[in-house]
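[1] what follows is a predicted protein model with its sequence.
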Amino acid sequence: MRRPAAAAAVLAGALLLAGCGGGSGAAPDLSVGSAYIPQPVSDSMAAGFLTITNKGEGEDELTSVTSEAGEVSVHRTVDGRMKAADRLPIPARGELVLESGANHLMFEKLTRRLQEGETVTVELRFAHSDPVTVTMPVKSATYRPADGHSGH
């Protein structure tokens, strides 16, 4: 009679641990806002800016971006120099801000000249979260968002 009780206790303990997540149990919770593309002066290149907010307890990383408008890469700006980055971190309970003069999206080999008033759809891919599709309006070349993300 003791064996079934012991087996039940072990099973209950295993289920309790599984319910705690087994690992860290921390998941990212991502949303995207403040997305825009300043009207480019070039026929073939443009920059894109947005903010990824993570309300979750787990960190994530932006790993790639695709768009029908052309090739898109993630660029990191360090000491005034930009270079392609494989990924950019999104901290738990934090933000990844892509802004003018700092980290940003770089559109190359544009399939059409982007004009103010148009929109461009991009798909953001992450290390841990599902992809997110974002519609980015093309704004005037001098546009700066009201939230202050203008490259400080």
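    Happy to help now that I have it.

[2] give me the neighbour count for residue 41.
    The tally of other residues near residue 41 (other Cβ atoms under 10 Å) stands at 8. Where C-beta positions appear, they are placed from N, C-alpha and C, glycine not excepted.

[3] now residue 109
    10.

[4] isn't residue 52 up against residue 34?
    No. Using Cβ atoms under 8 Å as the test, residue 52 is too far from residue 34 to be in contact (9.7 Å).

[5] of these two, which one has the most company?
    Just comparing residue 52 and residue 34: by other Cβ under 10 Å the higher neighbour count belongs to residue 52, 25 against 17.

[6] any regions of this structure where pLDDT drops low?
    1-25, 147-152 (pLDDT under 70).

[7] now residue 46. Nearest residue, chain neighbours left out?
    residue 40 (3.8 Å; Cβ to Cβ, 6 or more residues apart in numbering).

[8] what about the strands in this structure?
    If DSSP state E is used as the criterion, the strands of the chain fall at 30-38, 45-54, 60-67, 71-78, 81-84, 88-90, 94-98, 104-108, 119-126, 132-139.

[9] comparing these, which comes out most buried?
    strand 45-54 (a mean of 21; mean count of other Cβ atoms under 10 Å).

[10] elements contacting it?
    Here strand 45-54 touches strand 30-38, strand 94-98, strand 104-108, strand 119-126, strand 132-139, going by 3 or more Cβ pairs under 8 Å, 6 or more residues apart in numbering; DSSP states H and E.

[11] parallel or antiparallel, list what pairs with the first one.
    Applying DSSP bridges, strand 30-38 is found paired with strand 45-54 (antiparallel), strand 132-139 (parallel).

[12] closest one to residue 116 among those strands?
    Closest approach to residue 116 among these is made by strand 132-139 (5.5 Å; Cβ to Cβ).

[13] any idea how far the closest one is from the middle of the chain?
    In terms of Cα atoms, centre = their mean, to the nearest Å, the centre of strand 132-139 is set 13 Å apart from its chain centre.

[14] contacts for that strand next, please.
    30, 32, 35-39, 48, 50, 114-124, 126 (Cβ atoms under 8 Å, 6 or more residues apart in numbering).

[15] again, only this time at 10 Å
    30-33, 35-40, 46, 48-50, 52, 62, 65-67, 69, 105, 107, 114-126, 143, 145 (Cβ atoms under 10 Å, 6 or more residues apart in numbering).
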